[in-house]
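# below: sequence and its predicted model.
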Amino acid sequence: DGGITQSPKYLFRKEGQNVTLSCEQNLNHDAMYWYRQDPGQGLRLIYYSQIVNDFQKGDIAEGYSVSREKKESFPLTVTSAQKNPTAFYLCASTDAGGYNYGYTFGSGTRLTVV
Amino acid sequence: QKEVEQDPGPLSVPEGAIVSLNCTYSNSAFQYFMWYRQYSRKGPELLMYTYSSGNKEDGRFTAQVDKSSKYISLFIRDSQPSDSATYLCAMSDGGATNKLIFGTGTLLAVQP
């Protein structure tokens, strides 16, 4: 079955540590997105990529970094510069121009700072 | 002012009730409108998609778009406890920004 796989499902980070969230899709989608979800704030866009080796900052990119070396993969690194990283992180993908018809989302990674 | 406004709820209704969920928006360029359903600790799943103004029906769900009022709605008939979830509206302008704009979501609880 085609879909988006996010791993791990739960992640714990110590203060000052960088962590990487994985997002892999086998839908042959061109565009991929990372969102952060906090209670009462909806989905906030972190980074997005429309093509391999290219990506753009979203609304809240500070403290995060991404790479897009392969079409099917779009990992997100939460760096120590992100002061409040505890949140639910969602990865999504769509065809080029397919955002008009909606994204396919992964099942999310819940990151907690300990 | 946010581009998309959505009442966060929570909205609690008895089983079998008709549920009305709504979003308002400010950008007249929005042409494509979607509703997502998100169960707790899961990713959102696309429920309904509508282009421009009008109605779309799928089983117990009806999506309405009124572009003149910049107002979209999702109606759920004969609501079931399994409909309990957060409902997110989303919309796009068809090309200028290459991304969806989401509402904050409305938490719905259907009581058995």
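Right, received. Where do you want to start?

# list the buried residues of the top strand by length along chain A.
The residue-count maximum for a strand in chain A (DSSP state E) belongs to strand A:42-51. Across strand A:42-51, burial judged by 16 or more other C-beta atoms under 10 Å in any protein chain shown covers A:Gly42, A:Leu43, A:Leu45, A:Ile46, A:Tyr47, A:Tyr48, A:Ser49, A:Gln50. All C-beta atoms are positioned from the backbone trio N, CA, C, and that covers glycine.

# who touches that strand?
A:30-38, A:55-61, A:64, A:66, A:68, A:74, A:76, A:89-90, A:96, B:6, B:44, B:88, B:98-99, B:102-105 (C-beta atoms under 8 Å, 6 or more residues apart in numbering or on different chains).

# bridging residues for the spatially most central residue of chain A?
In chain A, the residue lying closest to the centroid (C-alpha atoms, centre = their mean) is A:Trp34, at 2.9 Å. Taking DSSP bridges as the rule, A:Trp34 bridges to A:Tyr47, A:Cys91.

# pLDDT-wise, what's the bottom of the buried residues of strand A:42-51?
Of all these, A:Gly42 has the smallest pLDDT value, namely 84.

# which ones are touching the closest residue in space to B:Asp58 that isn't next to it in sequence?
Using C-beta to C-beta, 6 or more residues apart in numbering or on different chains and skipping the chain neighbours, the partner closest in space to B:Asp58 is B:Met48 (6.2 Å). For B:Met48, the contact set (C-beta under 8 Å, 6+ apart) comprises B:Met34, B:Trp35, B:Lys56, B:Asp58, B:Phe61, B:Ala63, B:Leu74.

# partner residues bridging B:Met48?
B:Trp35.

# over to B:Gly54?
Assigned bridge partners for B:Gly54, using DSSP bridges, are B:Val65.

# take the contacts of B:Met48 and keep only those in strands.
Checking the contacts of B:Met48 against DSSP E, those in strands are B:Met34, B:Trp35, B:Lys56, B:Asp58, B:Phe61, B:Ala63, B:Leu74.

# with pLDDT and neighbour count added, can I get those in JSON lines?
As requested, the ones in strands among the contacts of B:Met48 are arranged in JSON lines below (pLDDT from 0 to 100; neighbours: other C-beta atoms under 10 Å in any protein chain shown):
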{"residue": "B:Met34", "pLDDT": "93", "neighbour count": "25"}
{"residue": "B:Trp35", "pLDDT": "96", "neighbour count": "24"}
{"residue": "B:Lys56", "pLDDT": "93", "neighbour count": "15"}
{"residue": "B:Asp58", "pLDDT": "94", "neighbour count": "10"}
{"residue": "B:Phe61", "pLDDT": "97", "neighbour count": "17"}
{"residue": "B:Ala63", "pLDDT": "97", "neighbour count": "22"}
{"residue": "B:Leu74", "pLDDT": "97", "neighbour count": "24"}
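
# out of the residues you listed, who's nearest chain A?
Proximity of those to chain A (C-beta to the nearest C-beta) peaks at B:Met34, which lies at 4.8 Å.

# and A:Thr77, what element?
Assigned by DSSP states H and E, A:Thr77 belongs to strand A:76-78.

# partner strands of that strand, parallel or antiparallel?
strand A:19-25 (antiparallel), strand A:64-66 (antiparallel).

# the contacts of strand A:42-51, buried ones only, as a PyMOL selection?
Selection command for PyMOL covering only the buried members of the contacts of strand A:42-51, criterion 16+ other C-beta under 10 Å:
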select buried, (chain A and resi 30+31+32+33+34+35+36+37+55+58+61+64+66+68+74+76+89+90) or (chain B and resi 6+44+88+98+99+102+103+104+105)
